[in-house]
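J.: Compute the structure for the input listed below.
(chains A and B)
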Amino acid sequence: MSDPLDALEKSISTLRRAIRDASAAGDTERASELRAQLRRAERAWDALLDADEPAPAPPRPAPEAAPAARGAQLPAREHVHRALMLLGTPAAPKLIVGVHEAFFPGELSASKLSSLRRDEERSYRSSPGARPYYLPPALAHDLLTPVRALVTISTWTLEQRIIGPHSPRVDFLTGAIRIAEAVHTAAQSAGNGPSPEALRLLWRFAVNIPDAMPKSASGHESALDPEQVIEAARAELDVHADADRAVRAEASRRARKSLSDDQQLFGAPSQGVTYLRARA
Amino acid sequence: MKAPVDDRLAALRGSAKRRPYNARSLAALENNPRCTLRALLDASGSDKAAIAEHAGYPSPFGQSAFAFARGNAFEAMVKDNGCAELLRVLRETLKLTLPEVAYLDLNDVGGDGSNETRRDRTAEVLLQAAQGTGDGTLFDHPMLYLEVGGQEAFLEPDLVAFRIDGRFYIVEIKSFPIIDGQADPAQVRSATTQACAYVIALRALLEEAGIGPEAVSDTVVLVAPKDFTNRPTAAFVDARKQVSALTRQLARLERISDLVDLLPEGLTFDLDIDKDDKRPRRPAEELAEALEQVPATYRPDCLNHCEMAYYCRARARAEASLDVLGPAVREQLGGIDTVTMALGLARGQLTPTADQSDMAAALRHAARLRAELTGEVGGAA
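T.: This is a model prediction of the structure:
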């Protein structure tokens, strides 16, 4: 891996933290400014990575054209990475595809994702650390085994990648906030505003959050207010956050102690189940 | 001296592998408890679909691939994104409070999807919840266990919800719509009967830990698409009557030996499946003869839930039994068993016995009215 990539990654994660702090403090102006910076950094990162690859894939490869070619896998990986970065939480393939279609160009199908998951682990095991990031599954808080249906990014902390009983809801609410923010940013930008897919995605989240929908009886999809969604999601998030954080922190401590590096990424083997349970 | 019941049941099944009870076959206990044939086939764990097919009445049974996919897709949609849709409807119906969102996936245990492991894990987490030491609210696909007539049955509800006041609710996710608060009664009924088996199994599990049956609500939560949309809504279905009926039927299962004792020695429904080409080697006529020795009670709604229904219907028709016409007609004509007898009495060709005389008078009256009407219509034409 080259040094500029490392540097970029560092600045990306610093930016992300700053954005989180800014949005937690309610400073939306600073947050959106930072987000623009982050996007620039990520674009640069993408460009660098493509340059590093011996066979850079075209941005829109014909899916059937060369399934054997290694390069054809690359875009799907990156699409997933980008969608997950936007969400900031472990996500199911369906949601990843939904986010991708709402905010990013290019094609990504759920079927591509399932082969991707297998390839990630194989690639990691053949030469660990050769790629700047991997897309491992989330880990169950009790047995630390992989949660099949959820994809994460290896650069996230263990806490972020662990799924406790409250985590599905917490991640849903966090995802809702991130999507609402993205919709908000798109609405503010000079472009065409948020895509219909993005609004639909936000709507699907908002209807399932108390008080996130516009009050008026004649409320239409377009009347959806991203800021109201963010506010409502935050309100419910506050209820669950502590319980969830405690479970995640405890589980990740346990994982660091009992699991090897690659197990911390791809999960404890399932034959360890009886052992772990007997100990509990 | 006849062989013990279990051996006789095994003999009935023959060489085939035992089919365990499932929610569906348990539900059938409640649907048509009087049917001896179904009781024997289920108790012996015979493959009803294969038997019906070999007897010449293949059931178009088993769900269509489309209905199956639709059901799964709807369930997946409801449970997507941390059960987002489901939480919304349960917050509306069960009045779940905001903090009650903890979700435990019991579809497998750390990649181990075997029934036994899942059953143990389910028992562990559900008991923790019941005793107030766990923090689960939504239990996705728990694996419940029930002993039915000495045989094990694994039951898998779509979801069990636990409310903070200490009650479990069985949640059934179905893809038939609830339109204007109304759903197809037959579908609702079959869904609730299935759920009854879960209620009973869950109560049995809690009872082992000394927790009373009131911890499991006998009101079932039905989650289904609302109107013509794909968005879920939920409704309470009162299953009290069905739960107690099924409980009674399960208790009566012990009496399967009474039924078995009535059978001729050496009776079997064995298909003698060929190991290589998987085709039954037993002559179909021989199987049909064996089936005919067992009384069956056909009802039109058997078509909804029993693989043998087409066979039984054909048999009931051949016997000109009133069963074919459904319970409404049957009840009207109490004491009369066949269509031939009903027609004979109506035309006055048969002499009614003492307890048939009222019915015979009614039938003759009906026949007279019909004759007048058809005569009039004929005259006018």
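J.: any idea of the mean pLDDT for stretch A:111-124?
T.: pLDDT averaged over stretch A:111-124 equals 81, rounded to a whole number.
J.: ok, and for it, which residues are buried?
T.: For stretch A:111-124, a neighbour-count test (16 or more other Cβ atoms under 10 Å in any protein chain shown) marks A:112, A:113, A:116, A:117, A:120, A:121, A:123, A:124 as buried. C-beta here means a position set from N, CA and C on the backbone, and glycine is covered the same way.
J.: Grab the CA positions of it and hand them over as CSV.
T.: Once non-C-alpha atoms are left out, stretch A:111-124 reads as follows in CSV (Å, rounded to 0.1, in the frame of the first residue of the first chain):
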residue,chain,number,x,y,z
SER,A,111,-26.5,-11.0,-6.3
LYS,A,112,-23.1,-9.4,-6.8
LEU,A,113,-23.0,-8.7,-3.1
SER,A,114,-23.3,-12.3,-2.1
SER,A,115,-20.3,-13.4,-4.1
LEU,A,116,-18.5,-10.4,-2.8
ARG,A,117,-18.8,-11.6,0.8
ARG,A,118,-17.2,-14.9,0.0
ASP,A,119,-14.4,-13.3,-2.0
GLU,A,120,-13.6,-10.8,0.8
GLU,A,121,-12.7,-13.5,3.3
ARG,A,122,-10.8,-15.5,0.7
SER,A,123,-8.8,-12.5,-0.4
TYR,A,124,-8.0,-11.6,3.2
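J.: so where's chain B uncertain?
T.: Along chain B, segments meeting pLDDT under 70 span B:1-3, B:61-63, B:164, B:254, B:376-381.
J.: what helix or strand does the residue of it found nearest chain A sit in?
T.: Residue nearest to chain A within chain B (Cβ to the nearest Cβ): residue B:82, separated by 2.9 Å. Assigned by DSSP states H and E, residue B:82 falls within helix B:65-93.
J.: can you count the residues close to residue B:319?
T.: 15 (other Cβ atoms under 10 Å in any protein chain shown).
J.: what's the neighbour count on the nearest residue to it once chain neighbours are set aside?
T.: Using Cβ to Cβ, 6 or more residues apart in numbering or on different chains and skipping residues adjacent in sequence, the residue nearest residue B:319 is residue B:338, 6.6 Å away. Using other Cβ under 10 Å, residue B:338 is surrounded by 15 other residues.
J.: Run through the bridge partners of residue B:338.
T.: residue B:321 (DSSP bridges).
J.: picking that back up, which positions in the helix holding residue B:82 come out as buried?
T.: B:71, B:74-75, B:77-91, B:93.
J.: Please state the offset of it from the chain centre?
T.: 23 Å (Cα atoms, centre = their mean, to the nearest Å).
J.: The helix or strand containing residue B:42 - contacts with which helices or strands?
T.: For residue B:42, the element it lies in under DSSP H and E is helix B:36-44. Packed against helix B:36-44 by the contact rule (3 or more Cβ pairs under 8 Å, 6 or more residues apart in numbering or on different chains; DSSP states H and E) you find helix B:5-13, helix B:23-31, helix B:48-54, helix B:256-261.
J.: That helix vs helix B:5-13, what angle?
T.: 110 degrees (axes from the mean of the first three to the mean of the last three Cα atoms, to 10 degrees).
J.: Give me the contacts around helix B:36-44.
T.: B:9-10, B:12-13, B:21, B:25, B:28-29, B:32-33, B:48, B:51, B:149, B:151, B:253, B:256, B:259-260, B:263, B:269, B:291, B:294-297, B:306, B:308, B:312 (Cβ atoms under 8 Å, 6 or more residues apart in numbering or on different chains).
J.: Sort out which of those residues are buried, if you could.
T.: For the contacts of helix B:36-44, buried by 16+ other Cβ under 10 Å: B:9-10, B:12-13, B:21, B:25, B:28-29, B:32, B:48, B:51, B:149, B:151, B:253, B:256, B:259-260, B:263, B:269, B:291, B:294, B:296-297, B:306, B:308, B:312.
J.: Find the closest residue to chain B in the stretch 51-200 of chain A.
T.: Counting by Cβ to the nearest Cβ, the stretch 51-200 of chain A gets nearest chain B through residue A:168, at 2.9 Å.
J.: Run a quick neighbour tally on that residue.
T.: 30.
J.: That one - nearest residue in space that isn't next to it in sequence?
T.: Here the residue nearest residue A:168, using Cβ to Cβ, 6+ apart, is residue B:82, at 2.9 Å.
J.: host element of the closest residue to residue B:26 other than its chain neighbours?
T.: In space, residue B:26 comes closest to residue B:197 once its chain neighbours are excluded; the distance is 4.2 Å by Cβ to Cβ, 6+ apart. Assigned by DSSP H and E, residue B:197 belongs to helix B:185-208.
J.: Could you list the buried residues of that helix?
T.: Of the residues in helix B:185-208, those buried (16+ other Cβ under 10 Å) are B:187-206.
J.: Tell me which residue lies nearest the centroid of chain A.
T.: In chain A, the centroid-proximal residue (Cα atoms, centre = their mean) is residue A:84; its distance is 2.1 Å.
J.: Shouldn't that residue be within a strand?
T.: No - applying DSSP: H, G, I helix; E, B strand; the rest coil, one finds residue A:84 to be helix, outside a strand.
J.: Give me the spatial nearest neighbour of it, chain neighbours excluded.
T.: residue A:153 (5.4 Å).
J.: Up against chain A, what does the stretch 101-250 of chain B have?
T.: Residues of the stretch 101-250 of chain B found near chain A (Cβ under 8 Å from any Cβ of the partner chain) are B:101, B:102, B:103, B:104, B:105, B:109, B:110, B:111, B:112, B:117, B:135, B:136.
J.: Narrow these to those in strands?
T.: B:103, B:104, B:105 (DSSP state E).
J.: ok, of these, which one's closest to residue B:222?
T.: residue B:103 (20.0 Å; Cβ to Cβ).
J.: Check whether that closest one really touches residue B:138, as I assumed.
T.: Yes - between residue B:103 and residue B:138 there is a contact under Cβ atoms under 8 Å: 4.6 Å.
J.: got any residues that touch both of those two?
T.: Joint contacts of residue B:103 and residue B:138 (Cβ under 8 Å, 6+ apart) are residue B:83.
J.: Counting neighbours, go ahead and name the busier of those two.
T.: Using other Cβ under 10 Å as the criterion, residue B:103 and residue B:138 rank with residue B:138 on top: 25 against 22.
J.: Would you state the helices of the stretch 251-381 of chain B in chain order?
T.: With DSSP state H, counting those that start in this stretch as the criterion, the stretch 251-381 of chain B has helices at B:256-261, B:284-292, B:302-305, B:309-318, B:326-332, B:339-346, B:357-380.
J.: Correction: the previous question concerned the stretch 151-280 of chain A.
T.: Counting by DSSP H, counting those that start in this stretch, the helices of the stretch 151-280 of chain A are A:158-161, A:167-188, A:196-206, A:226-258, A:261-266, A:273-279.
J.: Could you export those to TSV, including columns for distance to residue B:228 and mean pLDDT?
T.: Formatted as TSV, the helices of the stretch 151-280 of chain A follow (distance: least, Cβ to Cβ, whole Å; pLDDT from 0 to 100):
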stretch	distance to residue B:228	mean pLDDT
helix A:158-161	40	92
helix A:167-188	27	93
helix A:196-206	18	91
helix A:226-258	27	92
helix A:261-266	44	85
helix A:273-279	45	46
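J.: Can you name the residues of the stretch 101-250 of chain A that neighbour chain B?
T.: Close to chain B, as judged by Cβ under 8 Å from any Cβ, the stretch 101-250 of chain A has residues A:140, A:143, A:145-148, A:165-172, A:175, A:205, A:207-208, A:210, A:236, A:239-240, A:243.
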